[in-house]
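Asker: with the sequence up front, the predicted model follows.
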Amino acid sequence: MNEVLKSSNDVLSEDKFLKLKDFISSLGNADGIAMPVLQEAQNIFGYLPLEVHKYISENINVSVAELYGITTFYSQFTLVPRGKHIVSVCLGTACYVKGARGLLDKCAELLGVEVGETTLDRQFSLQATRCLGCCGLAPVMTVDSDVYAQMDDLRKVKGILDKYREKEEEAS
Amino acid sequence: MEKVNLTINGIKVSVPSDYTVLMAAKEAGVEIPTLCYLKDINEIAACRVCLVEVDINGVPMRNLPASCVLQVQEGMDVRTNTPRVRKAIKMNVELILANHNRECLTCTRNHSCELQSLCEELGIDQVRFQGEKRKLTIDALSPSIIRDSSKCILCGRCIAACKNMQGIGVLDFTNRGFNTEVAPAFSYSMRDAACTYCGQCIIACPVAALRERQYIDDVFDAIADPDKYVIVQTAPAVRAALGEEFGMPMGTPVTGKMVASLKRLGFDKVFDTNFSADLTILEEGTELLSRLTKGGTLPMITSCSPGWIRFCEMNYPDFLDNLSTCKSPQQMFGALAKSYYAEKANIDPKKIVSVSIMPCTSKKDECKRPEMAVDGLMDVDYSLTTRELASMIKQAGIKFTDLADETPDLMMAEGTGAGVIFGTTGGVMEAALRTVADILTGEDLADIEYTPVRGLEGIKFASVTLPVDKVPTEIRVAIAHGTKNAANLLDAIRRGEVDVHFIEIMACPGGCVHGGGQPFVSSKLRCEIDPKTERARALY
Amino acid sequence: MKSLKEINERKESALQSLHGSDGLRVVVGMATCGLSAGANPVYQALKNGVEEKKLKHVAVSPTGCIGMCTYEPIVEVLNSDGSKITYVHMDEAKTKRVVEEHLEKGNPVKEYTVSGEMKNLEDLDFYKKQKRVVLKNCGAINPESIDEYIAVNGYQALAKVLLEMKPDDVIELLKASGLRGRGGAGFLTGQKWSFARKVEADQKYIICNADEGDPGAFMDRSVLEGDPHAILEAMAIGGYAIGASKGYIYIRAEYPVAVGRLKSAISQAKELGFLGDNIFGTDFSFDIEIRLGAGAFVCGEETALIASIEGKRGMSRNKPPFPAVSGLWGKPTCINNVETLANIPQIILNGPDWFRSFGTEKSAGTKVFALGGKVNNIGLVEIPMGITLREVVYEIGGGIPKGKAFKAVQTGGPSGGCITTADLDVPIDFDNLLAVGSMMGSGGMIVIDEDNCMVDIARFFLDFTVDESCGKCTPCREGTKRMLEILERITEGKGTDQDLVDLKDLAENIRITSLCALGQTAPNPVLSTMAHFMDEYIAHVKDHKCPAKVCKALIEFSINDKCTGCTLCARSCPAGAITGVLKEKHFIDKDICTRCGICVTTCKFQAIDVQ
Ligand SMILES: Cc1cc2nc3c(=O)[nH]c(=O)nc-3n(C[C@H](O)[C@H](O)[C@H](O)COP(=O)(O)O)c2cc1C
Ligand code: SF4
Ligand code: SF4
Ligand code: SF4
Ligand code: SF4
Ligand code: SF4
Ligand code: SF4
Ligand code: SF4
Ligand code: SF4
Ligand code: FES
Ligand code: FES
Ligand code: FES
């Protein structure tokens, strides 16, 4: 693991593991902590590669296979790094009957990826979610924590995505 | 236990109140089909094949419950063969088949497959549904075990065997819904996961989704090669189970027929691993004595189960020094064959092909370990399971049951007979202690009495007092079979709660008689008999 | 907090500070939906404005869901006499004006009120038929302030229960109220508690099911965001009644606002001693822990939820044994839905008869629905059981937008079914909805109009259940997938008569043989659309037509004679399928057209036909 630690520098840096260790210690010997630990690990690392599974396995005494069973069961865990920006289209019922499918297709087309994928430049990941709880604004999409409501007019999508792209370009 | 009265297909039965409907039906002489159920190991009600229709005191239960987990209740009226039940069961089997790589004719489980016999029992004559099938993954990287997702029916039996019974957890469900797959973490090969190759998952699997890696053709080729001198050794537990493959009752010892069939198969020499098992015991007994008197890492732990060795290496590396330095009987035999025997029989060791017939899937890996070679020659070239031997016998057209008994060839003087009980749990320990007693006192050891220790179920303890250096000394021993028990024992030692001198550990529950390479015993049969005890009978 | 007296004193002082010195209280709807619509800058502008201008007579508070999503962001100015002025569709600039004109000078800004007519939300049809019991505090109090909760009788029910009642009394009272679980199946809550009470054990648990997985429903979220203390109070009451000293709230991670508010509510409640050891000086101790879900609908199912809290894959297990006998870590466990719990403090305080005064004989009380889809007034509505769907859709919901024709209402989410015009006059309660082939479910209520294809809706729900099946049992894992494949074939115009037969057989089989209720109810959307809209299925299969013009494979776009040749469509078609010369009729190349429908929305002359 040390090899990996060194080679992938800050993505899997040692202080991140220490942070995780602190979190695990803070839980004491509570029962059934695999989920909270994995959730925290994903917050820390952004995703859950094998090294992180192994580290957790050693520290909470749950086999790697069982952890992997958990991380592949719940849709919020990701095993691969996600893009800088998360584009989510709500496919809840309220949004669906108001045409969210078209909205999702549009995003997929503009980003050139399928649902669940990340663009090659790691800028965007596209997701479909179920009900963001603002059905009144259906159809809804979010980019990171920004909510875009009443996206009936698909022509608006490009502008929205471009805004984040431009932000990136400016920043770099 | 309190009794409960119920009717099954109109037949009245009275059964203990903790029975399931499935067990009660057996009492009533009613067969209910099952698939995911494996008594005491996997009771998760996943396949929905054991469905029944139930009224409780005249009130119908909602839907069709799974009888394998449904506890009996007073006043239950259970029906198992109504059109509604039959239709539902058939459709669930059809749904399994729709996502199954149906190629029975060329499948290793042809005729030992529980799904196949279920189809036959239910008269499945069509599979209406077609569409996407599970992603095909075949992992054939390990020398021991092949995993084939296209045959898996997701019954979870292997997971229960590996995780709950063996305490290892190499396999688990991954993903969810239709994408569910049973696999090691990150879909790694079993070679790279912490697998002991004990094969308990294989004998738990109702289909061919987990199977041993076969070396039958290599062995046939070697036999046919005039330049090769092919010798074979057979482990004790093989003879206790081989007969099952030919319809003989479980627990029938078939040493003579086994030897006869091996000779007919064309092996140049047919030896018995007992021979080296005796040697192992002698060495192990001496080693124990030396560690006791001259000092050495104690407790000493047996090293003849490769499944256990892998387990120890991966999970308890701090106990590696405790392992006996003896090679396992398989390897010891192989090494002797290519040195001592080759010289005695004047054969070029390079021409010797050394084959072993084992109850074990882990031995396939053991014989391929790099340290198991001398001058680039492997001690053992191919390790076959009991099942593979049966297949060879069938392929060669040998009528096993009609064979007259024959005796194995002798490599040196005959064995003591102590080695044969290697096949079952406690055997090695007992034999080794007898050897020690013999060395020290020249007398036979009285029967060893085991005492259970609370909190360490599945582990047996005993002590014998022997005159070591003429001082009566208590030698405390322990036996653990199954890696979960082994882990518990080692943990107790780490915590300082157990203090013994000698430990026997076998990776498989019940020892080699229930090894991963033994004939398949259907879950149905496992409800009625326990292969561990039945087969052990054949060894004593 | 040791006695009733102490809490009453706290209540008095809390009541004082609800309003500013001059009695003005301004609240901003800051539930998820308000926040998405931009409530944060509005709140900040208010706060800053009031501070800058030193308006001591005004107290500003965030509050939970006010209920009417379409008007968000909403600001309400309340006078101490109970009258109020509601501002809707607010933004920063408007807020600044309200601060200056209304808060400072006392002149309400008429044009920002509903329809610019100074109407109160309560005056709208949307609210007239509603009865807010569960949502009483949502949109009224600041969910982040325990004092505001105490001001509205918060924790009085807990005090009463602990100081005056025996556990069995609490259960009897609940039984008498007739409260049924709002999480789906409608099981009598009092009875559920009494099962858990009867089992002897050294440790028991009570779990609040806040997983709210129905896509298109957000009742529970609104309660948690708007009135978190009510849930804590109810859980403590439940703990006392069944004999549990520990509670868990299992909440979906997609609800960060609710999680945050729950966390702060728990720490406030602990500080004041409503949670913790020896509550109100009794020997009852109770603690609550939050556990987050991680995106799995099946974890709303009780046994899967328990597995998830135990840190495992959320796979259901066979029942019996029921959680009340063997639940979390093998201990007796009682699981209640958020909305169920939210009713309980009020039932304790006001009595079972009060509760029974709403609703019907067999379904007492109110039910919150997330009204959405093709209806004018979208939002959270709480109605007394027993009013009809027609009242909900047409009076509360204000009917179907754009003059389209009503087709159906879908209730019960992926486990439910659709209800058609024929059954619009059925009074809403647990049993009636079941009788018409749907179910109450947790409260999603989606209105479907003529532009929605029912086969496509069924496909949508099956797609959901296939995605969310835990994969443990055969019928659900394999069967729903085959149903989805058949529905996909049908929506692509490749369905056959045999497909329709297979679909029914599969549905029936999955219903009666699946291990848990997810599978058992998964076929419902198909069964119910097949029962009511078989003609649509047949149109897809036999005529290869999608009557609602939704299924892409079955529709065609063409340009009719109304075309003026404005070229707008040609410029907006992403596929470049439209050609034509300025001022001449345009033409769609059907082979290139991807049927995205953009041209239809673009054309100002209704010149594009869909067939
Ligand atoms: C697939 C599935 C999903 C469910 N989702 C929820 C849910 O999100 N919230 C909920 O309260 N109950 C849900 N339920 C119902 C719960 O299992 C359970 O019956 C309920 O929480 C009990 O609370 P109640 O008695 O207060 O209704 C779900 C059930 C199933 C089968
Ligand atoms: S596993 Fe069984 S059913 Fe499947 S192909 Fe092999 S023999 Fe046939
Ligand atoms: S049983 Fe039928 S399918 Fe199988 S080999 Fe014989 S003829 Fe062919
Ligand atoms: S061989 Fe043994 S250790 Fe390996 S997966 Fe199978 S049961 Fe587990
Ligand atoms: S590999 Fe075999 S035992 Fe394991 S789940 Fe698949 S079919 Fe069952
Ligand atoms: S117990 Fe026997 S069969 Fe099992 S792994 Fe060890 S040697 Fe092989
Ligand atoms: S019905 Fe579906 S969700 Fe429930 S146990 Fe079976 S596969 Fe899992
Ligand atoms: S937008 Fe409408 S009117 Fe304009 S060219 Fe296209 S079809 Fe004709
Ligand atoms: S439906 Fe879409 S692709 Fe087809 S013509 Fe219209 S805009 Fe172009
Ligand atoms: S369905 Fe999209 S926000 Fe609720
Ligand atoms: S469900 Fe009973 S045997 Fe599989
Ligand atoms: S107003 Fe409350 S959720 Fe929209």
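Answerer: Sure, I can see it. Ligands and ions are numbered 1, 2, ... in the order given.

Asker: contacts, neighbours, all on C-alpha from now
Answerer: Will do.

Asker: list the contacts for the residue of chain A positioned farthest from its centre?
Answerer: Centroid-distance maximum for chain A: residue A:29 at 28.5 Å, with CA atoms, centre = their mean. If you count contacts by CA atoms under 8 Å, 6 or more residues apart in numbering or on different chains, residue A:29 has none.

Asker: quick check: phi and psi on it?
Answerer: With angles defined as degrees, to the nearest 10, residue A:29 sits at phi -110, psi 40.

Asker: how about residue B:57: what's its closest non-neighbour residue?
Answerer: Excluding the flanking residues, the one nearest residue B:57 by CA to CA, 6 or more residues apart in numbering or on different chains is residue B:75, at 5.0 Å.

Asker: show me what the helix or strand containing residue C:339 is packed against.
Answerer: According to DSSP states H and E, residue C:339 maps onto helix C:338-350. Applying 3 or more CA pairs under 8 Å, 6 or more residues apart in numbering or on different chains; DSSP states H and E, we find helix C:338-350 packed against helix C:156-164, helix C:167-177, strand C:205-210, helix C:219-226, helix C:228-242.

Asker: please see if it touches ligand 1.
Answerer: Yes. Applying CA under 6 Å from any ligand atom, one finds helix C:338-350 in contact with ligand 1 at residue C:340.

Asker: may I see the buried residues of the very next helix or strand once past that helix?
Answerer: Using DSSP H and E, the helix or strand that follows helix C:338-350 in sequence is helix C:352-356. By neighbour count on 16 or more other CA atoms under 10 Å in any protein chain shown, the buried set for helix C:352-356 is C:352, C:355-356.

Asker: what of stretch C:304-316?
Answerer: C:304-316.

Asker: would you point out the most distant pair within these?
Answerer: Across those, the longest distance by CA to CA is 13.4 Å; it joins C:311 and C:316.

Asker: any idea which element the residue nearest to residue B:514 when sequence neighbours are not counted lies in?
Answerer: Nearest residue to residue B:514, sequence neighbours excluded (CA to CA, 6+ apart): residue B:532, at 5.6 Å. According to DSSP H and E, residue B:532 maps onto helix B:531-537.

Asker: what does the stretch 501-611 of chain C put close to ligand 9?
Answerer: Counting by CA under 6 Å from any ligand atom, the stretch 501-611 of chain C comes close to ligand 9 at C:573-575, C:577-578, C:588, C:593-599.

Asker: for residue B:86, give me its contacts.
Answerer: Each residue near residue B:86 by CA under 8 Å, 6+ apart is listed here: residue B:80.

Asker: state the helix or strand in which it lies.
Answerer: Using DSSP H and E, residue B:86 falls within helix B:83-98.

Asker: between the helix or strand that that helix is followed by and helix B:83-98, how big is the angle?
Answerer: Note on helix B:83-98: by DSSP H and E, the next helix or strand toward the C-terminus is helix B:114-122. Here helix B:114-122 runs at an angle of 140 degrees relative to helix B:83-98 (axes from the mean of the first three to the mean of the last three CA atoms, to 10 degrees).

Asker: close to ligand 6, is the longest helix seen in chain B?
Answerer: Determined from DSSP state H, the single longest helix within chain B is helix B:274-294. No. Helix B:274-294 stays clear of ligand 6 (CA under 6 Å from any ligand atom), getting no nearer than 12.0 Å.

Asker: how far is that helix from where the chain is centred?
Answerer: 26 Å (CA atoms, centre = their mean, to the nearest Å).

Asker: need the phi and psi values for the residue of the stretch 101-250 of chain C at minimum distance from ligand 2.
Answerer: Evaluated by CA to the nearest ligand atom, the stretch 101-250 of chain C has residue C:213 as its residue closest to ligand 2, separated by 36.7 Å. Backbone torsions of residue C:213, given as degrees, to the nearest 10, read phi -90, psi -20.

Asker: quick one: it and chain A, what's the gap?
Answerer: Between residue C:213 and chain A the computed distance is 8 Å (CA to the nearest CA, to the nearest Å).

Asker: ok, the residue nearest to that residue when sequence neighbours are not counted - contacts?
Answerer: Distance criterion CA to CA, 6+ apart; nearest residue to residue C:213, sequence neighbours excluded, is residue C:297 at 5.0 Å. Neighbouring residues of residue C:297 by CA under 8 Å, 6+ apart: C:211, C:213-214, C:468.

Asker: which SS class is the closest residue to residue C:411 other than its chain neighbours?
Answerer: Among residues not flanking residue C:411 along the chain, residue C:445 sits closest, at 4.8 Å (CA to CA, 6+ apart). Using DSSP: H, G, I helix; E, B strand; the rest coil, the structure places residue C:445 in strand.

Asker: need phi/psi at residue B:56.
Answerer: phi -110, psi 110.

Asker: surely it touches residue B:76?
Answerer: Yes. Counting by CA atoms under 8 Å, residue B:76 is a contact partner of residue B:56 at 4.4 Å.

Asker: ok, the closest residue to ligand 8 within the stretch 301-450 of chain B to residue B:308 distance?
Answerer: Proximity of the stretch 301-450 of chain B to ligand 8 (CA to the nearest ligand atom) peaks at residue B:314, 70.3 Å away. From residue B:314 over to residue B:308 the distance is 10 Å, taken as CA to CA, to the nearest Å.

Asker: just residue B:45 next, same as before
Answerer: Noted for residue B:45: a distance of 31 Å to residue B:308, by CA to CA.

Asker: give me the pLDDT for the most far-flung residue of chain B relative to its centre.
Answerer: The centre of chain B is farthest from one residue, residue B:58, which by CA atoms, centre = their mean lies 45.5 Å away. As predicted, residue B:58 sits at a pLDDT of 94.

Asker: and for residue B:282?
Answerer: As predicted, residue B:282 sits at a pLDDT of 85.

Asker: residues in contact with the closest residue to ligand 12 within the stretch 351-500 of chain C?
Answerer: Relative to ligand 12, the nearest point of the stretch 351-500 of chain C is residue C:379 (5.4 Å; CA to the nearest ligand atom). The contact partners of residue C:379, taken as CA under 8 Å, 6+ apart, are A:135-136, C:67-70, C:370-372.
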